[in-house]
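# What would the 3D arrangement of this be:
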Amino acid sequence: MLLLESSFFQLIADQFIHTTWLEWLGVVSGFICIYLATKENVLSWPISIISVIAYAWVFLDAKMYGDMALQFYFLFTAFYGWYFWIRKKQVHDKPVTKLSKKGWWLAIGSVIILSFALGLFLNHFTDTNVPYEDGFCTALSFVAQLMLTRKILQNWILWIVVDLCYIPLYIYKNLNLSAIFYAFLVVIAIKGYIDWRKTYREQTN
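All right, here's what the predicted structure looks like:
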C-alpha cells in the first residue's frame with residue numbers, strides 16, 4: 001500500500017514538473033481573475049488577459065483548436081467586460097441581473113447550435129481527436145463568458161457545467177495541472193453564484 005501511495009504521488013510530482021511555464025501562468029492568473037470575478041472586482045478583467053494569452057499557446061500545442069480560438073473571444077470580452085463593469089457600476093444601482101425564461105431558451109439553443117457547428121468544423125478541418133468534446137466546451141464557455149460580461153447571475157451555473165466537463169478532457173490531453181485548476185474552479189463558481197445571488201436579492205429588496 002505504501003509503495004502504491006508513493007508511486008501515485010511520484011506520478012503527480014512528475015506531471016507537475018513537466019507542466020510548461022505557460023500552463024502555470026495560465027492557471028495562476030486564471031485562478032486570480034475568477035476569484036476577483038466572484039467578488040465583482042473589475043481587476044478581474046485585466047488579469048484575465050494574461051491567462052487568455054498563456055492558454056492560447058497551451059491549447060495550440062495540445063491541438064485543442066476550439067479552445068484556442070475561444071481565447072481570442074475571451075480577449076475581446078475581457079476589454080468589453082472591463083468597460084461594461086466600470087460603466088454599469090457608475091450608471092446603475094443594480095449591477096447584477098437575472099436571466100429570463102426566454103433568455104434561458106436562447107442560451108441553451110445557442111450552445112446546442114454552436115456545439116454542433118464547431119464539432120463538425122473541428123472534425124473535418126483540423127487534426128484534433130476531440131472535435132465534439134472541444135466544440136461543446138467551447139460553445140458553453142462562449143455563452144457563459146458573454147453572460148459574465150453582462151453580469152448575469154446564471155453565468156456561474158454555466159461555468160460550473162463547463163468546469164466539470166473540462167476536467168476529464170484536460171486529463172485526457174495530459175494537461176493535469178489545468179484539470180486540477182478546473183476542479184478548484186467548480187468550487188469557486190459555486191461560491192460566485194451564492195455571492196452574486198445574495199447581491200441580487202439585496203438589490204431587489
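# List the contacts of the nearest residue to T138 once chain neighbours are set aside.
Sequence neighbours aside, G66 is the residue nearest to T138 in space, at 3.8 Å (criterion: Cβ to Cβ, 6 or more residues apart in numbering). C-beta: built from backbone N, CA, C; applies to glycine. G66 makes contact with L118, L122, T128, P131, D134, G135, C137, T138, according to Cβ atoms under 8 Å, 6 or more residues apart in numbering.
# Just put those residues in JSON lines and tack on neighbour count, pLDDT and distance to F84.
JSON lines is the format used below for the contacts of G66 (neighbours: other Cβ atoms under 10 Å; pLDDT from 0 to 100; distance: Cβ to Cβ, whole Å):
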{"residue": "L118", "neighbour count": "23", "pLDDT": "93", "distance to F84": "25"}
{"residue": "L122", "neighbour count": "24", "pLDDT": "92", "distance to F84": "30"}
{"residue": "T128", "neighbour count": "20", "pLDDT": "87", "distance to F84": "33"}
{"residue": "P131", "neighbour count": "21", "pLDDT": "92", "distance to F84": "32"}
{"residue": "D134", "neighbour count": "29", "pLDDT": "91", "distance to F84": "28"}
{"residue": "G135", "neighbour count": "24", "pLDDT": "93", "distance to F84": "27"}
{"residue": "C137", "neighbour count": "24", "pLDDT": "93", "distance to F84": "24"}
{"residue": "T138", "neighbour count": "25", "pLDDT": "92", "distance to F84": "22"}
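# Quickly note the distance from the nearest residue to N155 once chain neighbours are set aside to K39.
Nearest residue to N155, sequence neighbours excluded (Cβ to Cβ, 6+ apart): M147, at 3.6 Å. According to Cβ to Cβ, to the nearest Å, M147 and K39 sit 17 Å apart.
# the helices in this protein, which residues?
Under the criterion DSSP state H, helices of the chain are mapped to 2-17, 21-38, 44-61, 65-91, 101-125, 131-149, 155-172, 176-204.
# mean pLDDT lowest for which of these?
Among the helices of the chain, helix 2-17 carries the lowest mean pLDDT, a mean of 52.
# which residues does the closest residue to L118 other than its chain neighbours contact?
Spatial nearest neighbour of L118, chain neighbours left out: G135 (3.4 Å); criterion: Cβ to Cβ, 6+ apart. In this structure, G135 makes contact with G66, L114, S115, F116, A117, L118, G119, L120, F121, L122, judged by Cβ under 8 Å, 6+ apart.
# Check Y172 too.
By Cβ under 8 Å, 6+ apart, the contact set of Y172 is V130.
# Please determine how far it is located from L146.
With Cβ to Cβ as the criterion, Y172 and L146 are 27 Å apart.
# Also Y35?
On the measure of Cβ to Cβ, Y35 and L146 end up 21 Å apart.
# Nothing else from me, thank you.
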